[in-house]
Each structure stands twice: as C-alpha cells, then as structure tokens.
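Enquirer: Quick one, fold the following:
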Amino acid sequence: LAAMRKACTLCSEVGATVDTGGSVKRGRVLQKNVRIVGITENVSRIGTIRELAAGRHIVGQDVTQAALVAVIGTDLVDAFFGTMEPIGKEIDVDGHPLKVVGVAEKKGSVFGESQDNFVWMPISTFQKLFGSRRSIEIQAEAQSMATFEPAQDQMRVAMRARRHLTYNKPDDFNIETGESIMELWQNMTRGIYVVTLVVTVIS
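Expert: Model (predicted):
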C-alpha cells in the first residue's frame with residue numbers, strides 16, 4: 001500500500017481494505033453473516049462516497065493507534081439498538097469490544113444481498129484482531145479522467161516491480177476499474193434478462 005501511494009503520482013487517493021465474514025454480538029443478540037472490514041481512513045472517499053447517517057468516519061488517528069472503533073451498517077443498528085442511539089455504544093466483534101463511532105446511510109439490497117450488514121474498523125485494528133496474512137484490496141482514484149489510464153500504468157508498473165515480474169511474465173494480480181465492473185454488470189444483467197425471458201415464455 002505504501003509503495004502504491006508513492007508510485008501513483010497521478011492518483012488523488014490510494015487506500016486499502018481487507019475483510020472477512022463473521023458474527024457480531026451485543027448482549028444476547030447475535031447478528032450473523034456480517035462483513036467485517038478493515039479500512040484505511042480514506043476508503044469512504046474513494047469512488048462512490050459512502051455518506052454517514054450519524055457520527056463520524058474512521059480517521060487517520062484511528063488507523064495510527066489501531067483504535068477499537070467501528071462504523072456500522074443499518075442492519076446492525078436495527079438488530080442491536082432499535083430506536084436507541086448507537087453512537088458511543090459497544091458491540092462485540094470476534095470477542096473484542098468495539099465502540100461505535102459512526103453509522104453509514106442505508107443502501108438496501110442488491111440481488112437479495114444486503115449492503116448494510118457490515119462493520120468497518122481501522123485496517124490496523126483488523127490486522128491486530130484477525131492477523132495480517134490476508135490479501136488486501138488496494139483502491140485508488142485518479143486525479144481526473146485524463147490521468148485515468150496513466151494512473152493505472154503507474155500502479156501496474158509498481159506492482160510488477162515489487163513482485164519481480166520480468167517482461168515476459170503475465171501479471172499475477174488483478175486491476176479492476178469502474179469500466180470493467182460496469183461491463184461485468186452489463187453482462188450479468190443481460191444474462192438475467194435472457195433467463196427471465198425464457199422462463200416467461202415457458203410459463
């Protein structure tokens with residue numbers, strides 16, 4: 001992550017996430033299938049900004065100190081707090097108490113998968129609690145559309161150099177862009193439309 005930040009001079013932001021799945025508790029209430037995510041302080045600003053309904057985001061000091069703090073999704077608010085104020089309260093993540101400092105705005109579901117069943121904590125806290133031998137996803141935002149392709153090139157060159165890949169070896173990492181994700185989404189939805197059409201005709 002530090003190397004990518006140094007290498008990508010055409011990026012306005014470079015951050016990272018690492019995640020796992022698990023259960024979160026408060027008292028006797030257990031919330032299952034929670035996405036537990038460690039983040040850098042700038043992740044909420046990269047790409048589509050995730051606004052908060054209450055409280056604050058994870059900040060640089062939280063990451064530096066590996067603070068036991070969390071931003072949670074509205075599924076956890078509904079499960080644990082109801083109409084009670086969640087800010088300042090504690091939740092239990094893998095046996096560790098984390099203080100809620102923020103609540104993300106509700107996003108709803110995509111293909112039946114909730115976008116609000118998550119806990120964000122500082123990436124340093126995540127590594128302290130769950131270990132550091134996990135793949136991380138580095139996220140970057142180019143300064144402008146004009147620097148979009150050159151910024152990708154900077155990241156790719158830096159990654160290849162760090163992984164000691166010679167010119168005749170393929171990348172052993174993936175670079176995904178908003179454009180590639182949109183293309184995947186269009187292919188997926190096109191397939192769903194065809195299946196729906198066929199099912200409808202059969203019906």
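Enquirer: in this protein, which spans are strands?
Expert: Residue ranges of the strands in the chain, as given by DSSP state E, are 11-26, 29-39, 52-55, 69-72, 90-93, 96-104, 109-110, 113-114, 118-122, 137-142.
Enquirer: Dump those to CSV, plus distance to residue 45.
Expert: The way it works is simple: take the backbone N, C-alpha and C, and place the C-beta from them, glycine included. Output for the strands of the chain, formatted as CSV (distance: least, CB to CB, whole Å):
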stretch, distance to residue 45
strand 11-26, 6
strand 29-39, 11
strand 52-55, 12
strand 69-72, 13
strand 90-93, 24
strand 96-104, 13
strand 109-110, 22
strand 113-114, 23
strand 118-122, 13
strand 137-142, 8
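Enquirer: Out of those, the one nearest residue 159 is which?
Expert: Minimum separation from residue 159 across these (CB to CB) falls at strand 137-142, 8.7 Å.
Enquirer: Pull up the pairing partners for that closest one, direction included.
Expert: Here the strand partners of strand 137-142, with direction, are listed using DSSP bridges: strand 11-26 (antiparallel).
Enquirer: what's the angle from the partner strand to strand 96-104?
Expert: 120 degrees (axes from the mean of the first three to the mean of the last three CA atoms, to 10 degrees).
Enquirer: Next, the buried residues of strand 11-26.
Expert: When burial is assessed from 16 or more other CB atoms under 10 Å, strand 11-26 yields the following buried residues: 11, 13, 14, 15, 16, 17, 18, 19, 24, 25, 26.
Enquirer: So the nearest residue to the first one once chain neighbours are set aside versus residue 171, what's the distance?
Expert: Spelled out, that is residue 11. Nearest residue to residue 11 in three dimensions, chain neighbours excluded: residue 140, at 4.7 Å (CB to CB, 6 or more residues apart in numbering). From residue 140 over to residue 171 the distance is 16 Å, taken as CB to CB, to the nearest Å.
Enquirer: Check the strands of the chain for me: which has the lowest mean pLDDT.
Expert: Mean pLDDT across the strands of the chain is lowest at strand 109-110; the value there is a mean of 84.
Enquirer: Run me through the strand neighbours of that strand, direction for each.
Expert: Partner strands for strand 109-110, per DSSP bridges, with pairing direction: strand 113-114 (antiparallel).
Enquirer: Could you tell me how far the strand it pairs with lies from the centre of the chain?
Expert: The chain centroid and the centroid of strand 113-114 are separated by 14 Å, computed with CA atoms, centre = their mean, to the nearest Å.
Enquirer: Now do residue 17 against residue 165, distance only.
Expert: Computed as CB to CB, the residue 17 to residue 165 distance reads 24 Å.
Enquirer: same question, residue 131
Expert: In this view, residue 131 and residue 165 are 27 Å apart by CB to CB.
Enquirer: Compare these two and say which is more crowded by neighbours.
Expert: residue 165 (15 against 10; other CB atoms under 10 Å).
Enquirer: ok, now which ones touch that one?
Expert: In this structure, residue 165 makes contact with 171, 172, judged by CB atoms under 8 Å, 6 or more residues apart in numbering.
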